[in-house]
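[1] Everything below, folded, please.
(chains A, B and C)
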Amino acid sequence: MIKFKNLSFSYDNKKGINQLKNINLEIKKGEFVLLCGKSGCGKTSLLRLINGLIPNYYEGEISGEVLLLNEDIKSKEIYEVSKIVSTVFQNPKSQFFNLDTTSEILFSLENHGVNKVEIEKRLDASIKAFDISKLLDKNIFELSGGEKQKIAVASAYASNTDIVLFDEPTSNLDMESIDKIREMLMELKNEGKTIIISEHRLYFLKDLIDRAIYIENGEIKKEFSKEEFSSLSEVNRIKLGLRKIEMNNLELNNKNNINKSKKLEIKKLKFNYSGLKKFKLNISDIMFNFGSIVGIIGKNGQGKSTFANSLIGLQKKGEAKVFIDKKRMKSKKRLEKSYLVMQNVGYQLFTESVEEELKLGANKELYQNRVKNVLTNLNIDSLKEAHPLSLSGGQQQRVSIGAGICSGSEILCFDEPTSGMDYFHMIETAKIIKSISNKDNIIFIISHDLEFLYNTVDTIIRIDNGQIEENYKLEKNSFDKIVKSLMN
Amino acid sequence: MGKNNLKLKDLVTLGVFSAIYFVGMFVVGMPLGFSVVAFLFYPLACAIISGVITMFFMAKVQKPWALFIFGLIPGLIMTLMGHTPVVAIHSAIIALIAEFVRRSFGFKSIKGNIITHSVLSMWLVGSFLQIFLMQDVYYKLTEKMAGAEYASELIALPLWIVPVLYISAFIGGLIGGKFGAKVLNKHFKKAGLA
Amino acid sequence: MLRTKISIYPITKILLILVLGTMIVIDIPIIVETSMIVLVGLLFFQDGKYLTGIKMIVIFLLFLWFEGVEIKVLGKFDGFLHSLVFMARRFLLPVMGAKYTNDSTPTGVLMSSLEKIKIPKEVIIPVAVMFRFFPTLREEYNNIKNAMKMRGISFSIKNMVKAPAACVEYILVPMLASSSKIGDELAAAAHTKGVDNPCKKIRYKESKISIWDMFIITYLIAILIMGIWSRVYDKI
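    Okay, here's the model as predicted:
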């Protein structure tokens, strides 16, 4: 079905670097193939060659052949290729052209001039195959991340293409949503579609794949059958830089800095949502120790972000009675002492150099001397003249963390810091967070990434329905409890 | 055919930047819209603030007709949202002139881009033109607003204010364009985005 | 079969907005204004957006009521306040009309109907993307605003006066960088969905001219007649 013959490619804006070198690969009809490897290895570029975005959208130098059904597609228009290949992208925000869900599901069909009767048939088929009737005719902006991706997958299904590509579709999703996507993938597989998926999160795919292809530096380094992949030893998996394939037996690798003499006490933290949510944020009488790294888990949409925003004083509405070290702090004061590293760090970069970025902020005078230390400790000294927007995701994250430290923050929050990260970067992030934790600060991390949490946090709180339902010290055997509570 | 046609990516970029420009116009317009005197500063203020947006857009899409469409859209939408066709036609003419100004300087010329932005900003005077072309209607309208005083103030705007407004828009554009070029260099070029 | 409500032909909606827009610059009697508010409210209900429709009518009535009220205590400021409210009330119609059109017309349908009246795709696609992008822009703005608050560089009046250039820079740089990236990704996604396929397209949610269009057109003509008649009547 798909054949690569001696394919090499380099992007126009990265001349001299061969993104893909000498790819020879054949994918048969109905196969389910996983592309894995470290960030930047070329997985996404390979997908772009199949759906035609390379070379007609992402331009560059290309040699070799890309054959779809034995036809070389390099010179074909992308819309021609889209008649047999549909793609599900990573970011729900930028893959929907329409504002209402039903139109988006049928958009591809409409664009290819399919008649109304056929369109209706495909819509009915999509509703039957996936449980999406409640999501029809809704404004896309009212959907959760998981629901948006469901629509994206339904859209690919409705278009009835033989080949469906997935580019890291689960990056922002919680465990339950990932499981729903897994079900949808199974349905697609059962209908005989040829599926190629590029992913970091591997555990939900191990039973679906026929083959796993490991890419390193633009070359296909290894190929695994389904059984070989599932039975990869821990040592080998880490050597390849891959995330956990079997979700069990997570090793605890956190540290203990707990400072029993300084506490963060929340007597009351309330917030009333306007609009669609049916519950309220209502936290009361809970105490945390400084020096602690706390993991906040819970299904999406249950109040984790609101909790963090209210705690640090970013969300001023609602009631708050928060005490730091026995002193009551109002939201303005709390905000001065806190920092949130956002999931999309790009929003937090304002200046033209890393060094300037660290110096920007309200507490300039107090913490000037910190800047030098932070540059070294976070490994960004060599980047100090670089423009923050030109850095990689991981580097930007470190700059943002640095900015938080340089503004004297005692409460540091992270919102999904490892979404879309490969093993190496995830471990790096865990290391950095552990290194900045000391007995005078407290760190809260909102995350779905269990592997990451096991490497970082000492305490877990689970938020459901706007309340803290569980609060416990993370132990090696907490795993089953966590999974159960997140999946129910 | 060929590389200089407006591709889908350019059209999408057009849409995105038009949206930002449009919102920028509203944000600047809101505090200024409530008195006639303040509103006279609108072309100037808008031209200054929108400089960054237009300069970045021109750096990103260096193709013929891109700027024309970029200049056309706000005028079109404004007309639909509460102005006479005067605004639409006026902005179409200004956008056309700006397009040719841009071409004569060359797409890569920063100076050219700054001047293009200044020329384009003159479309903001369109809403004032309306007032002059439909004087007595405007009188009736604003008489209700705040009495005869205010209304006659508005009508009493002498005809010579129009060229002054055009000049203020142009000067605002020069300031905004220069600022935009500076931001472009400091940030977007340094980060490799433009 | 999922279509539970009749969709109104997009060209009719555009006509409606044009009429509403022109009404700002023409002196129209209260009765005409009220009738138009009723029409737009009705359209919101027809589209299922009951809350929006009710909110709009309530706001309009409030504005109307306020015109008759005089708060002597405020003195000169009262006049200013009145002019503010009047302005807002006048703009309510076309803004709500535009909102209604944007909310009730799927992007694809809008594009197809503009195609029908021979508008070139070089204008259709940017306009469609622009409207699609507004909600995203609001999200981006909120995120950036939060980020700025955290760093103590907020977008307040005080800061705008003290260091306007810096303020503009802090807001526009992340906004433009992020929007530019989203635009590129959106275009890539659009390509893979065949947006630029030149074939003839039939939109699922497409609508034909229906009773509702007839109703709206008749309503508009009636208003026009009423308007002219009252003008003539006034002058006598």
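[2] Heading C-terminal from the worst-scoring helix or strand of chain C on mean pLDDT, find the next helix or strand.
    Within chain C, no helix or strand scores below helix C:157-162, which has a mean of 71 by mean pLDDT, DSSP states H and E. Sequence order places helix C:164-192 as the next helix or strand after helix C:157-162, per DSSP states H and E.
[3] in that next one, what counts as buried?
    Buried residues in helix C:164-192, counted by 16 or more other CB atoms under 10 Å in any protein chain shown: C:167-192. C-beta here means a position set from N, CA and C on the backbone, and glycine is covered the same way.
[4] is chain A contacted by it?
    Yes. If you take CB under 8 Å from any CB of the partner chain as the test, helix C:164-192 does meet chain A, through C:169-170, C:173-174, C:177-178, C:181-182, C:185-192.
[5] quick one: which of these is nearest C:L81?
    Nearest to C:L81 among the residues of helix C:164-192 next to chain A, counting by CB to CB, is C:Y170 at 32.7 Å.
[6] Which residue, other than its chain neighbours, is closest to that closest one?
    Nearest non-adjacent residue to C:Y170, counting by CB to CB, 6 or more residues apart in numbering or on different chains: A:F350, 4.9 Å away.
[7] what does chain A put close to chain B?
    A:N13, A:Y57, A:E352, A:H387, A:P388, A:L389, A:S390.
[8] Let me have the residues you listed in CSV, extended by neighbour count, secondary structure and pLDDT.
    Converted to CSV, these look like this (neighbours: other CB atoms under 10 Å in any protein chain shown; DSSP: H, G, I helix; E, B strand; the rest coil; pLDDT from 0 to 100):
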residue, neighbour count, secondary structure, pLDDT
A:N13, 9, helix, 79
A:Y57, 18, coil, 91
A:E352, 21, coil, 88
A:H387, 22, coil, 90
A:P388, 29, helix, 90
A:L389, 22, helix, 89
A:S390, 15, helix, 88
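[9] from those, which two are the most distant?
    Most distant of the residues of chain A next to chain B, by CB to CB, are A:Y57 and A:E352, 29.5 Å apart.
[10] What are the boundaries of the strands in chain C?
    Assigned by DSSP state E, the strands in chain C number zero.
[11] Just the closest residue of it to chain A, please.
    Residue nearest to chain A within chain C (CB to the nearest CB): C:G152, separated by 2.9 Å.
[12] wait, is the residue nearest to C:Y170 part of a helix?
    No. The assignment for A:F350, made by DSSP: H, G, I helix; E, B strand; the rest coil, is coil rather than a helix.
[13] for the residue lying closest to A:Q19 once chain neighbours are set aside, what are its contacts?
    Counting by CB to CB, 6+ apart, A:S45 is the residue found nearest to A:Q19 once chain neighbours are left out, at 4.9 Å. Counting by CB atoms under 8 Å, 6 or more residues apart in numbering or on different chains, A:S45 touches A:F9, A:Y11, A:Q19, A:L20, A:I54, A:Y58, A:G218.
[14] so how far is stretch A:453-469 off the chain centroid?
    Remark: stretch A:453-469 is offset 18 Å from the chain centroid, using CA atoms, centre = their mean, to the nearest Å.
[15] Point to the helix or strand of the chain where mean pLDDT is at its lowest.
    You didn't pick a chain, so chain A it is. Using mean pLDDT, DSSP H and E, the lowest element in chain A is helix A:364-377, with a mean of 74.
[16] think we crossed wires, I meant chain B
    Going by mean pLDDT, DSSP H and E, chain B bottoms out at helix B:135-155, a mean of 55.
[17] Report the angle between the following helix or strand past that one and helix C:164-192.
    Per DSSP H and E, helix B:135-155 leads on to helix B:161-183 as the next helix or strand towards the C-terminus. Counting by axes from the mean of the first three to the mean of the last three CA atoms, to 10 degrees, helix B:161-183 lies at 80 degrees to helix C:164-192.
[18] ok, and for helix B:161-183, which residues are buried?
    Quick answer for helix B:161-183 (16+ other CB under 10 Å): B:161, B:165-166, B:168-181, B:183.
[19] same check, this time on stretch A:9-26
    Neighbour-count burial for stretch A:9-26 [16+ other CB under 10 Å]: A:F9, A:S10, A:Y11, A:N18, A:Q19, A:L20, A:K21, A:I23, A:L25.
[20] try stretch A:122-130
    Buried residues in stretch A:122-130 (16+ other CB under 10 Å): A:R122, A:L123, A:S126, A:I127, A:A129, A:F130.
[21] Including secondary structure, could those residues go into CSV?
    Output for these, formatted as CSV (three-state DSSP):
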residue, secondary structure
A:R122, helix
A:L123, helix
A:S126, helix
A:I127, helix
A:A129, helix
A:F130, coil
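[22] Report the residue ranges of every domain in the chain.
    Defaulting to chain A. Split into domains by automatic domain parsing, chain A comes to A:2-240, A:290-315+A:331-487.
[23] actually it's chain C I care about, not the one you picked
    C:7-105+C:207-236, C:119-199.
[24] could you dump the domains of chain A to CSV with distance to B:P43?
    Shown next, in CSV, are the domains of chain A (distance: least, CB to CB, whole Å):
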stretch, distance to B:P43
domain A:2-240, 33
domain A:290-315+A:331-487, 29
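[25] Can you tell me which of the ones you listed is nearest to C:S104?
    Of the domains of chain A, nearest to C:S104 by CB to CB is domain A:2-240, at 9.6 Å.
[26] Up against chain C, what does the stretch 201-350 of chain A have?
    Selection of the stretch 201-350 of chain A residues close to chain C by CB under 8 Å from any CB yields A:309, A:312, A:314, A:335-336, A:338-340, A:342, A:344, A:346-350.
[27] ok so, going back, can you tell me the element the residue nearest to A:Q19 falls in?
    helix A:43-50.
[28] Model confidence for residue 159, exactly?
    Going with chain A. You'll see A:S159 listed with a pLDDT of 92.
[29] nope, chain B
    B:L159 is assigned a pLDDT of 71 by the prediction.
[30] Point out where chain B drops to low pLDDT.
    Within chain B, the segments meeting pLDDT under 70 span B:1-3, B:33-36, B:82-83, B:130-158.
[31] Can you name the residue of it nearest to chain A?
    B:A191 (3.6 Å).
[32] so does stretch C:104-120 get close to chain B?
    No. Stretch C:104-120 stays clear of chain B (CB under 8 Å from any CB), getting no nearer than 9.3 Å.
[33] Just the C-alphas of stretch B:11-22, formatted as CSV.
    Included here for stretch B:11-22 are C-alpha records, laid out as CSV according to Å, rounded to 0.1, in the frame of the first residue of the first chain:
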residue,chain,number,x,y,z
LEU,B,11,-4.8,33.0,2.8
VAL,B,12,-5.0,31.4,6.3
THR,B,13,-2.3,33.8,7.6
LEU,B,14,-4.4,36.6,6.1
GLY,B,15,-7.4,35.5,8.0
VAL,B,16,-5.5,35.1,11.3
PHE,B,17,-3.8,38.5,11.0
SER,B,18,-7.0,40.2,9.9
ALA,B,19,-8.7,38.9,13.0
ILE,B,20,-5.9,40.3,15.2
TYR,B,21,-5.9,43.7,13.4
PHE,B,22,-9.7,43.9,13.7
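[34] Touching it from outside, list them.
    By CB under 8 Å, 6+ apart, stretch B:11-22 touches B:6, B:50, B:53-54, B:56-57, B:60-61, B:66, B:69-70, B:73-74, B:77, C:121-122, C:125-134, C:137, C:175-176, C:179-180, C:182-184, C:186-187, C:190.
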